[in-house]
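1. Sequence first, then the predicted structure, then my questions.
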Amino acid sequence: MVKKSRGHFPDIEPACFDRKMAVQSWNGSLWVALQMDQSRHYTAAGEFVVFPGYEFTYHRHDLQPSHNHRIVVYPEAGGHMFRRLDREACSDRKLMRRLRHMPAMAYPHHGTYRIMNPELEWNVEVCSSWRVYIEELDFTLNQLRQGHRFGFIGSSDTHRSVPGLGGGADGRVCRRANAAEPFRSL
């Protein structure tokens, strides 16, 4: 199902796939094939853009609560899925090293986090469909008071491939509704 555009405001939502299944049984090439298929299926040129992505789960013992998950989003299909079981991406720092030369955005997902690379992590999640972190914890506000600068994202956190139906649609004013322009504006 493709959502219709409201004038020059294309609806945008990352198509994220279930991380538990991905960690246990998916390999990178299967994920790339699926994200390419899903992105092509749901994207309507000039109306609705799907940014493929996934959740990277990693717990830091120096944070309470220990969540330091990341949502990794690519401007178009073809990006690599890194799993915490992969030697080259078994920590948040290693994940950021792998992503730093890729056209990707990563953002902390949950109420506590460590920004590893501001060039990749220019947003943080402040709410999901089941929690409003910025109201429950002063963690993000303290980050801002310390001088960190980033945008806010609200996600659905459904872990399912349902672009536009997970409760987290976003609109952008763009000259062209292609994948590159709205991705840069995030």
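-> Now that the structure is in, tell me what you want to look at. Quantities reported herein were computed from a predicted structural model and do not represent experimental measurements.
2. From now on I want contacts and neighbour counts done on CA atoms only, so please keep to that.
-> Will do.
3. dump the residue contacts of residue 122.
-> 105-107, 149-151 (Cα atoms under 8 Å, 6 or more residues apart in numbering).
4. which residues in the protein form strands?
-> Residue ranges of the strands in the chain, as given by DSSP state E, are 11-17, 48-56, 69-73, 105-109, 123-127, 151-154, 170-171.
5. Could you list every helix and strand in contact with the longest one?
-> Right, strand 48-56. Applying 3 or more Cα pairs under 8 Å, 6 or more residues apart in numbering; DSSP states H and E, one finds that strand 48-56 makes contact with strand 11-17, helix 19-25, helix 28-42, strand 69-73.
6. quick one, that strand and strand 69-73 angle?
-> When axes from the mean of the first three to the mean of the last three Cα atoms, to 10 degrees is applied, the directions of strand 48-56 and strand 69-73 differ by 150 degrees.
7. what's the answer for the fifth one, then?
-> Taking the same axes, to 10 degrees, one finds strand 123-127 and strand 69-73 inclined to each other by 120 degrees.
8. Quickly run through the sheet partners of strand 123-127, with directions.
-> With DSSP bridges as the test, strand 123-127 is paired with strand 151-154 (parallel).
9. For the strand it pairs with, C-alpha coordinates in CSV please.
-> Only the C-alpha atoms of strand 151-154 are listed here, as CSV (Å, rounded to 0.1, in the frame of the first residue of the first chain):
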residue,chain,number,x,y,z
GLY,A,151,17.7,16.7,15.9
PHE,A,152,14.8,14.8,17.4
ILE,A,153,13.1,11.8,15.9
GLY,A,154,9.9,9.9,16.9
